[in-house]
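S.K.: My questions are about this predicted structure, shown below with the sequence.
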Amino acid sequence: MARNFKTLDDMGDVTGKRVLVREDLNVPMADGVVTDDTRLRAAVSTVAELADKGAKVIVLAHFGRPKGQRDPSMSLALVTLPFQQVLGREVRFIDDQHAAEVIDKMQDGEVGILENTRFDPGEEKNAPDTIERLAALGDLYVNDAFSAAHRAHASTEGLAHKLPAFAGRQMEAELDALDKALGNPEHPVAAVVGGAKVSSKLDVLRHLVEKVDHLIIGGGMANTFLAARGVNVGNSLCEHDLTGTAEEILEAADKANCTVHLPYDVVVAKEFKPNPPTRTVNVHEVAADEMILDVGPAATEALGDVLKNCRTLVWNGPMGAFETPPFDAATVALAKTAAALTKEGSLVSVAGGGDTVAALNQAGVADDFTFVSTAGGAFLEWMEGKELPGVAALAR
C-alpha cells in the first residue's frame, strides 16, 4: 500500500536527538499497582528502538482526566516504575517544571516520562502556547498512540505541525491493519457489529453497509433490527423508537449489495443472571416474558460458513451478553472460527474495542487474530469513516 505517513525508518540518524514520543500509558491501577499492562507493553517497541539508536527519548502521555489541574493521584510518576519494569531499562520521571534542564542533561539512549500532559489546561484545547512549550523540549516528534488519535490535543495533533513527525511502531501496525481491513481490503469483506444498543453504533452501521459485503449484527442491537422486521422480541433489550432507523439501514444495505445477517435462532431466558433456565428457539417463538440473550447455534454455524467465504473480517462488539454464562457461546464459537481461518491464512481479521478484546481473550483467540486494536473511541470513529486528527496530522 502507498503510505502517506513517515515511520521510524524515515528518521535518519537520531543519536543525541531529543525525540518526543506520544504514547498511551493511561493504564488501570488499583492500590498503586497496574492491573492491565497491555498499553505499557505496546509502547516498548518504539521507545526501545529509539533508545537503542541513541536518541534521548521523552515520553508524552496522559493519565486519567485531571481537566487541566495538577492532581498527584494522576501523576505519571505513578506509572514510571511499572513502565521501567516492562521496558527492562531505567526510566526517569521528568517533572515539567524543570523539564528543559533535565532533558539537556540526559545521556544518549536514556528514557524519561514527562508529567501528565493533561495537567496543562492548554493540552485538550490544542493551545498554541502549550504546543510551543512542548515543541521546545524536542527535535523530532513520534505519535505512537492510535488510541488517542481521535483527539485533536496539543500532544496528539498540534506537535505534528511544529516538529518533523513520524508514526511509531504501534501506530504504524495499527494503520497498516486498518488499511487492510477497510481502506483497501480484499473482498469479500465481513463486519461483525455487536453490543447493546443500535444508538451507539448508528454511524458505524451506516458507513459499513457501503464498505462491506456481509454485515453480521449481534448483541442487543440485533433485537432492534428483528423488531424492525416485524419479529416480536418479547422482553428483550430493544430500542423500539429506532426501528425506523434500522429499516433505513437495511434498505441502504440492499442498495449497496451488502447482505445483512440477523439471527434466526436465539437463546432466551426469563431472567438475566448466570446460568438461568434457557431455551433455544426460532426468533418467531420468543415468549412475551422471555429475553433474547445470545445467538443460537444454528445461526452461529451459518455465520461461520459466511466467514469461510470471506477474505477480510472487521469485528466490533460481542454477539450476546458474553460476560454472563452461558450467553458467551455464540461469541466464543464465531471468534474461534475466525481465528482458525486466520491461522490457515484465508482470512485477515481485525478486531477492536474494549468489549471485543475482552470477548476474544475469553475465547482464548486474541493472539490468533491478524490484529487486535486496544483503542476504543478511536477504533469506533475509524469504523464510522471519520478522519482522526492525530492520524491526519502525520499524513500532511
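M.R.: Nice, thanks for sending it over. Worth saying up front: this structure is predicted, and the values here are computed from it rather than measured.

S.K.: low-scoring stretches of the stretch 1-150 of the chain, by residue?
M.R.: Across the stretch 1-150 of the chain, the ranges flagged by pLDDT under 70 are 1-2.

S.K.: Okay, domains of the protein per the record?
M.R.: As assigned by automatic domain parsing, the chain contains the domains 8-169, 185-383.

S.K.: May I see those domains arranged in a markdown table, with distance to Val391 and mean neighbour count as well?
M.R.: C-betas here are computed from N, CA, C, even on glycine. Conversion of the domains of the chain to a markdown table gives the following (distance: least, Cβ to Cβ, whole Å; neighbours: other Cβ atoms under 10 Å):
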| stretch | distance to Val391 | mean neighbour count |
| --- | --- | --- |
| domain 8-169 | 5 | 19 |
| domain 185-383 | 8 | 19 |
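
S.K.: do you know which of those domains lies nearest Asp176?
M.R.: Ranking those by proximity to Asp176 (Cβ to Cβ) places domain 185-383 first, at 8.3 Å.

S.K.: Select, out of the domains of the chain, the one closest to Ala395.
M.R.: Nearest to Ala395 among the domains of the chain is domain 8-169; the distance by Cβ to Cβ comes to 9.3 Å.

S.K.: just how off-centre is that closest one within its chain?
M.R.: Taking Cα atoms, centre = their mean, to the nearest Å, the mean C-alpha location of domain 8-169 is offset from the chain mean by 20 Å.

S.K.: ok so, going back, please name whichever of the domains of the chain is nearest to Leu394.
M.R.: That would be, of these and by Cβ to Cβ, domain 8-169, which comes in at 5.5 Å.

S.K.: Could you work out the end-to-end span of the closest one for me?
M.R.: 7 Å (Cα to Cα, to the nearest Å).

S.K.: got it, and stretch 309-319?
M.R.: Start-to-end, stretch 309-319 (Cα to Cα) is 20 Å.

S.K.: same question, stretch 216-235
M.R.: End to end - Cα to Cα - stretch 216-235 spans 23 Å.

S.K.: ok, now stretch 112-130?
M.R.: Per Cα to Cα, the first residue of stretch 112-130 is 19 Å away from its last.

S.K.: ditto for stretch 314-331
M.R.: End-to-end distance (Cα to Cα), stretch 314-331: 14 Å.

S.K.: Tabulate the domains of the chain (JSON lines), appending distance to Ala177.
M.R.: Output for those, formatted as JSON lines (distance: least, Cβ to Cβ, whole Å):
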{"stretch": "domain 8-169", "distance to Ala177": "10"}
{"stretch": "domain 185-383", "distance to Ala177": "4"}
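
S.K.: State the helix or strand in which Ala288 lies.
M.R.: Ala288 belongs to no helix or strand when assigned by DSSP states H and E.

S.K.: Leaving out chain neighbours, which residue sits closest to it?
M.R.: Gly234 (5.3 Å; Cβ to Cβ, 6 or more residues apart in numbering).

S.K.: That neighbour contacts Glu290, correct?
M.R.: Yes: with contact defined as Cβ atoms under 8 Å, Gly234 counts as touching Glu290 (4.6 Å).

S.K.: Right, I'll leave it there.
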